[in-house]
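S.K.: Provided below are the primary sequence and the corresponding predicted coordinates.
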Amino acid sequence: MGGQRSPIIFWFRRDLRLADHPGFHEACRSGRPVLPVFIADDAVSDLGAAPKWRLGLGLESFTQALDARGSRLILRRGEAAQVLRDLLQETGAGAVWWSRLYDPKAQARDSAIKADLKAQGIDARSFEGHLLFEPWTVSTKTGGYFKVYSALWRAVQGREVAAALPEPARIPAPAAWPWSEQLETWHLEAAMNRGAAVVGAHVTPGEASARARLDAFVETSIDGYKTQRDYPAIDATSGLSDYLSLGEISPRLLWLAGQRARAEHQNGAEHFLKEVVWREFAYHLMYHAPHLLSGNWKEGWDSFPWRTDADAPEVLAWKQGRTGIPFVDAAMRELYVTGRMHNRARMIVASFLTKHLMTHWKIGMDWFADTLADWDPASNAMGWQWVAGTGPDAAPYFRVFNPELQQKKFDTDGVYVARWLAETQPDPPDTALSFFRAAPRLWSLAPGDPYPGPVVPLDVGRKRALAAYQLKGV
């Protein structure tokens, strides 16, 4: 079916960019007409509210980028295999190419589609691009997968990484375009309700914004990255997580920028490179041990007495940022207002939920999957299991972060807490007040509400967690 000059359908997923895109670069270089396609299948409909909304913004930006270059993004809804079959018939295309994904559902879907297409005589190819190092190319000396981050870092830090690919000089267009659905009819923002307007003020989607953010970070912040990145009141991190999640920028561009900064003796550059590899580690684990997404990564935890009621009053207080622990509450409100949360704060709120409240990490993971605009399947799962003690953390599982001590160390002057917590100050800033404009109406929250006492005293929660660890012998 098709021929050497037949169109190539390029199926975009979490790779909404033009530069440093191996698969799309190769398609454009072929000289054959290229049909960019995005399919809203179950992988899209299953997304939580915030990541689905953020995807819509990314698709809008990517559509504009393609339009500006004389191309189009064809939008279709439905089961991916059937949509591709329909497009092949409509366009006479002879190839379907895409960038690889590594979660188990995507792997199963893509493998079945590739086999089906090849059986029809269609050129079906998958390409790298979402990661620096394909998971099967990195292994221990005994041929297994790495279960400790530091060992993975040592194995890959000296690997040569190829130069980034430029944006295609030309995107060959077909003689006629197939029909496309309109993005606005997908209503990807619907589940965000009134929160979309609030969070939208903190998001600048698209590849151009991602590149500008990286450039600004390298220019102004990478030197102090190692020493300042744990202080949530300081804008010291790259802020690239949502762009990476949707592939609006490639990890290779981050790696190469970090290497250049290290060569220029920027003090924080190597630590930034380590964080890029931390993301690789999450994908390495997810690919080799896919149960990371749904069950305890470490053995011996299945009988641990987690709280499993996601609607328990203490859990609801955690979701609402009303635990009575200021650092925890500020972080949860930052999440609701911006769609992101500082990494240090993520560790604190996760520790509080899983240890002080003895609540299953999957409840926290699912809440983040619904509320994080920068949601990433591998990073979210590994982060929660790392903190809960069930994941690949080399530190003792019984480590319990004390939110009050963490605030004293990383928010000494209370700037971060004051930025997001309204009830504890007479004249709260708009950042704190905006939480009440974003929160669901059914919560019936107002800035004039009295600030609650702790849902659990920190010493009581810590002792309860340690007793449970000792009892279960995990």
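M.R.: All right, it came through fine. Predicted model only: the values in this text are computed from it and were never measured.
S.K.: any idea how far the closest residue to residue 360 other than its chain neighbours is from residue 12?
M.R.: Setting aside the residues directly before and after it, residue 360 is nearest to residue 306 in space (C-beta to C-beta, 6 or more residues apart in numbering), at 3.7 Å. The way it works is simple: take the backbone N, C-alpha and C, and place the C-beta from them, glycine included. Between residue 306 and residue 12 the distance is 38 Å, computed by C-beta to C-beta, to the nearest Å.
S.K.: in contact with the residue nearest to residue 360, which residues?
M.R.: With contact set as C-beta atoms under 8 Å, 6 or more residues apart in numbering, residue 306 has these partners: 354, 358, 359, 360, 361.
S.K.: pipe those into CSV and attach pLDDT and distance to residue 462 per row.
M.R.: Written out in CSV, the entries for the contacts of residue 306 read as follows (pLDDT from 0 to 100; distance: C-beta to C-beta, whole Å):
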residue, pLDDT, distance to residue 462
354, 97, 12
358, 97, 11
359, 98, 15
360, 98, 18
361, 98, 17
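S.K.: could you redo these as JSON lines and give each row distance to residue 391 and secondary structure?
M.R.: Formatted as JSON lines, the entries for these read as follows, by distance: C-beta to C-beta, whole Å; DSSP: H, G, I helix; E, B strand; the rest coil:
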{"residue": "354", "distance to residue 391": "11", "secondary structure": "helix"}
{"residue": "358", "distance to residue 391": "17", "secondary structure": "coil"}
{"residue": "359", "distance to residue 391": "16", "secondary structure": "strand"}
{"residue": "360", "distance to residue 391": "13", "secondary structure": "coil"}
{"residue": "361", "distance to residue 391": "9", "secondary structure": "helix"}
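S.K.: highest neighbour count among those residues?
M.R.: The member of the contacts of residue 306 that has the most neighbours, counting by other C-beta atoms under 10 Å, is residue 354 with 25 neighbours.
S.K.: list the contacts of the nearest residue to that residue once chain neighbours are set aside.
M.R.: The spatially closest residue to residue 354, leaving aside those adjacent along the chain, is residue 388, at 4.3 Å (C-beta to C-beta, 6+ apart). The contact partners of residue 388, taken as C-beta under 8 Å, 6+ apart, are 350, 354, 355, 361.
S.K.: need the max-distance pair from the residues you listed.
M.R.: When those are compared pair by pair using C-beta to C-beta, the two farthest from each other are 355 and 361, 10.0 Å apart.
S.K.: isn't residue 32 right up against residue 6?
M.R.: Yes - Residue 32 is within contact range of residue 6, at 6.7 Å (criterion: C-beta atoms under 8 Å).
S.K.: what is in contact with these two at once?
M.R.: Between them, residue 32 and residue 6 have residue 95 as joint contacts when contacts are counted by C-beta under 8 Å, 6+ apart.
S.K.: do you know how far the residue nearest to residue 354 is from residue 347?
M.R.: Look at residue 388 and residue 347: by C-beta to C-beta, they are 11 Å apart.
S.K.: common neighbours of those two, please.
M.R.: In the contact map built from C-beta under 8 Å, 6+ apart, no residue is linked to both residue 388 and residue 347.
S.K.: which stretches in the chain count as strands?
M.R.: The residue ranges that make up the strands of the chain, judged by DSSP state E, are 8-12, 34-40, 74-77, 95-99, 123-127.
S.K.: mean neighbour count, mean pLDDT and distance to residue 440 added to those, as JSON lines?
M.R.: Written out in JSON lines, the entries for the strands of the chain read as follows (neighbours: other C-beta atoms under 10 Å; pLDDT from 0 to 100; distance: least, C-beta to C-beta, whole Å):
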{"stretch": "strand 8-12", "mean neighbour count": "26", "mean pLDDT": "98", "distance to residue 440": "32"}
{"stretch": "strand 34-40", "mean neighbour count": "24", "mean pLDDT": "98", "distance to residue 440": "25"}
{"stretch": "strand 74-77", "mean neighbour count": "19", "mean pLDDT": "98", "distance to residue 440": "27"}
{"stretch": "strand 95-99", "mean neighbour count": "22", "mean pLDDT": "98", "distance to residue 440": "36"}
{"stretch": "strand 123-127", "mean neighbour count": "17", "mean pLDDT": "98", "distance to residue 440": "40"}
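S.K.: so which of those is nearest residue 192?
M.R.: Among those, strand 34-40 sits nearest to residue 192 (C-beta to C-beta), with 16.6 Å.
S.K.: show me what the closest one is packed against.
M.R.: Counting by 3 or more C-beta pairs under 8 Å, 6 or more residues apart in numbering; DSSP states H and E, the packing neighbours recorded for strand 34-40 are strand 8-12, helix 22-29, strand 74-77, helix 80-91.
S.K.: at 6 Å instead, please
M.R.: The elements that strand 34-40 packs onto, with contact taken as 3 or more C-beta pairs under 6 Å, 6 or more residues apart in numbering; DSSP states H and E, are strand 8-12, strand 74-77.
S.K.: among those strands, which is nearest residue 462?
M.R.: strand 8-12 (46.8 Å).
S.K.: just want the angle from that closest one to strand 95-99.
M.R.: Angular relation of strand 8-12 and strand 95-99 on a 0 to 180 degree scale: 30 degrees, by axes from the mean of the first three to the mean of the last three C-alpha atoms, to 10 degrees.
S.K.: didn't residue 382 look like it was pressed against residue 282?
M.R.: Yes - between residue 382 and residue 282 there is a contact under C-beta atoms under 6 Å: 4.2 Å.
S.K.: between those two, which is the more surrounded one?
M.R.: Neighbours of residue 382 and residue 282, each counted by other C-beta under 10 Å, are more numerous for residue 382; the result is 27 against 24.
S.K.: and the more buried one, what's its pLDDT?
M.R.: Looking at residue 382, its pLDDT is 97.
S.K.: list the contacts of it.
M.R.: Shown in contact with residue 382 (C-beta atoms under 6 Å, 6 or more residues apart in numbering): 282, 285, 391.
S.K.: how many neighbours does the closest residue to residue 258 other than its chain neighbours have?
M.R.: Once flanking residues are discounted, residue 258 sits nearest to residue 273: 4.3 Å by C-beta to C-beta, 6+ apart. A count of neighbours around residue 273, defined by other C-beta under 10 Å, yields 20.
S.K.: likewise for residue 437?
M.R.: A count of nearby residues for residue 437, using other C-beta under 10 Å, gives 13.
S.K.: distance check, the nearest residue to it once chain neighbours are set aside against residue 114.
M.R.: If the residues on either side of it in the chain are set aside, residue 437 comes closest to residue 198, at 5.3 Å by C-beta to C-beta, 6+ apart. As judged by C-beta to C-beta, residue 198 and residue 114 stand 41 Å apart.
S.K.: do the same with residue 403
M.R.: Note on residue 403: its distance to residue 114, by C-beta to C-beta, is 48 Å.
S.K.: over to residue 411?
M.R.: Look at residue 411 and residue 114: by C-beta to C-beta, they are 49 Å apart.
S.K.: please name the residues that touch the residue nearest in space to the middle of the chain.
M.R.: With distances taken as C-alpha atoms, centre = their mean, the chain has residue 376 as the residue nearest its mean C-alpha position (2.7 Å). Contacts were defined as C-beta under 6 Å, 6+ apart; by that measure residue 376 touches residue 245.
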